[in-house]
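A.B. asks: Any chance you could fold what I've pasted below:
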Amino acid sequence: MKEREKFSSRLGFILISAGCAIGLGNIWRFPYITGKYGGAAFVIIYLIFLVILGLPIMVMEFSVGRASKQSVATAFKTLEPKGTKWHWFGYIAIVGNYLLMMFYTTIGGWMVAYIFKMITGQFTGLSPDGVSNIFSSMLQQPWYMTFWMLVVTVGGFFICSFGLQNGVEKITKGMMLCLLFLIIVLCVRSITLPGASEGLKFYLIPDFSKFSENGIADTIFAAMGQAFFTLSIGMGSMTIFGSYIDKKRSLTGEAISISLLDTFVAILAGLIIFPACFAFGVHPGEGPSLVFVTLPNIFNQMPGGQFWGALFFIFLSFAALSTIIAVFENIVSFSIDLWNVSRKKAVIVNAILIILLSLPCVFGFNLLSGIQPLGAGSTIQDLEDFIISNNVLPLGSLVFLLFCTIKRGWGWKNFLAEADAGDGMKFPAWARLYIKYCLPVIVLVIFIFGYYTKFFVS
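C.D. replies: Predicted coordinates:
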C-alpha cells in the first residue's frame, strides 16, 4: 500500500482542522445565542463546556486517526478487538459526511453568489423589503442556485485533486490566513461605527439577569449545545486529519489550539455583527436571515458599504469553503481507503455523486418545495441538517467515547498512549471516570434534548 501523505507543517494541520471546525454556525448562530443568553456571561459558560465536553472527543477523533493511519471509513476496523463490530460505525460516518455536503454546498454557493451581488451593487438603494426580496428571489431560481452549487463543488474537488500538501493544505492554509485577516479588518470597521458602543456593551458586558429571563437550564443547555456542535466532532471529520500527522506533538495541546482558533473566530464574528446592528438600529436575527437579509441592509446604510459587504461575504465564503474542502478530503479518503483507488478516480466519482446528491436541497426551495418533511414550512435542507446535527454528531461522539474507554473497544490505555505520544500537553489521566461515565450521559442528554426542542417546544 502506498505510504500515507502527511501535512507539511504543524501550522497546516492546525489551520485545516480549525477550518473544518469553523463553519457558518460560528457566524450566524454563536453571536445570536451569545446575545440572547447574557453576552459575556454566556461565553464563560460556553468555554467551560468547550473544555469539558468538546475537547476530549476531538482528542479521541485525532487519536483514532493517528493510531490507525486511516480515515473513519476503516479506522475502527484497524483498531477494534477481533470479533467486535465497531467498524459498522464507519459506514454511518461516511453517510454523515455525504449528508452534510448535500446541503452545505448549497449554502456555500449562496455565499459566493452574494460576493458578486455585493460587488455589482445589486443591493444599492434598496429598501429593507427589497433586500429581503433578493434572497427570496434567489431561492426561487433552481438553475441559478445549481450554478453556484456547481462552482463550489467542482472548485472544492479540484483543490482536493492536487493531494493533501499541494492542494488541500496549501489552499486552505491561505484561505484561513485571509479569513483571520478579514475578520480583524471587519471588526475594526464595525466597532468604530457611530453608536457601536451599545452593541459592544450588549455583547461583552455580562448580564446575569438574562439567566433568569431565559431559565438557567435553557442557558446551560444552549452553551452545552454550542460547545458540542462548534467543533464538528462525531462523524470522523477530524479523524482524517489525525491520520495525516506524525507523533512529534501530543494531541491534547493541538486540540486546544484548534478550539481556541474556532472560538476566536466565533467571538470576533459577534464583534462584527452586534456593533453594526446597534449602530444602525437593526435587530440581529438568527440563521440565514441574519446573513442574507439583516447584514446587507446594514451595509446599505454604511459608508462604503458595497466594499465592506463584499469583504464580509468573502470572509463568509472562506469559512464555508474551508469546511467544504476539509469534508471533501474526508470523502475522497474514504474511497482511497476502502477501495484502494487512485485519488484522481476518487475525486471524479465523488464530485459527480455530490453534485447529484446536492440537487434535492437546491430544488427543495423551489421545484420540490411541496416536500415539507419536518412539518409546515420545513424544507429538504432542514431534514438533512436535522439528521446530521441531532443524530449523527451526538451519537457518533458517543461511539468515539465508548470506543476509547471500554475494554471491548480500543480501550483507555491505548487511547491515552496515542493521545500523549510526542511533546506537549498530556491528556488528564485522572479524568478517566468522568470521560467514561459522565460524558456519555451528557452527550445522551444533548441528543434527547435536541429531539425535545425540535418537536415539543414551539
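
A.B. asks: count of residues packed around the residue nearest to Arg4 when sequence neighbours are not counted?
C.D. replies: Closest residue to Arg4 apart from its sequence neighbours, by Cβ to Cβ, 6 or more residues apart in numbering: Lys69 at 5.3 Å. C-beta: built from backbone N, CA, C; applies to glycine. The number of residues packed near Lys69 is 18, by other Cβ atoms under 10 Å.

A.B. asks: Pretty sure Lys69 sits against Ser243.
C.D. replies: Yes - contact criterion Cβ atoms under 8 Å: Lys69 and Ser243 qualify, at 5.1 Å.

A.B. asks: got any residues that touch both of those two?
C.D. replies: Taking Cβ atoms under 8 Å, 6 or more residues apart in numbering as the criterion, Lys69 and Ser243 both touch Arg4.

A.B. asks: can you list contacts of the least confident helix or strand in the chain by mean pLDDT?
C.D. replies: Lowest mean confidence among the helices and strands of the chain (mean pLDDT, DSSP states H and E): helix 209-214, at a mean of 74. Residues from elsewhere that reach helix 209-214, judged by Cβ under 8 Å, 6+ apart: 36-39, 41-42, 219, 222.

A.B. asks: ok, now stretch 33-42?
C.D. replies: Under Cβ under 8 Å, 6+ apart, the answer for stretch 33-42 is 43, 46, 202-211, 214, 218-219, 222-223, 226, 270, 274, 284, 286.

A.B. asks: Just give me how far that stretch sits from the chain centre.
C.D. replies: In terms of Cα atoms, centre = their mean, to the nearest Å, the centre of stretch 33-42 is found 20 Å from the chain centre.

A.B. asks: swap in stretch 447-458?
C.D. replies: Computed by Cα atoms, centre = their mean, the chain-centroid distance of stretch 447-458 equals 21 Å.

A.B. asks: mean confidence score for it?
C.D. replies: For stretch 447-458, mean pLDDT is 85.

A.B. asks: Return the set of buried residues in that stretch.
C.D. replies: 447, 449-450 (16 or more other Cβ atoms under 10 Å).

A.B. asks: Okay, buried residues for stretch 70-78 please.
C.D. replies: Taking 16+ other Cβ under 10 Å as the criterion, stretch 70-78 shows 70-77 as buried.

A.B. asks: meant to ask about stretch 139-155
C.D. replies: If you call a residue buried by 16+ other Cβ under 10 Å, then stretch 139-155 has these buried ones: 139, 142, 144-146, 148-150, 152-153, 155.

A.B. asks: same thing with stretch 353-361?
C.D. replies: 354-355, 357-361.

A.B. asks: And stretch 262-270, by the same measure?
C.D. replies: For stretch 262-270, by 16+ other Cβ under 10 Å, it's 262-263, 265-270.

A.B. asks: Stretch 337-351 now?
C.D. replies: Buried residues in stretch 337-351, counted by 16+ other Cβ under 10 Å: 337-338, 343, 346-347, 350-351.

A.B. asks: do stretch 312-322 as well
C.D. replies: Across stretch 312-322, burial judged by 16+ other Cβ under 10 Å covers 312-322.

A.B. asks: From these, which land in strands?
C.D. replies: Among the buried residues of stretch 312-322, DSSP state E puts none in strands.

A.B. asks: So which residue is smack in the middle of this structure?
C.D. replies: Gly23 (3.6 Å; Cα atoms, centre = their mean).
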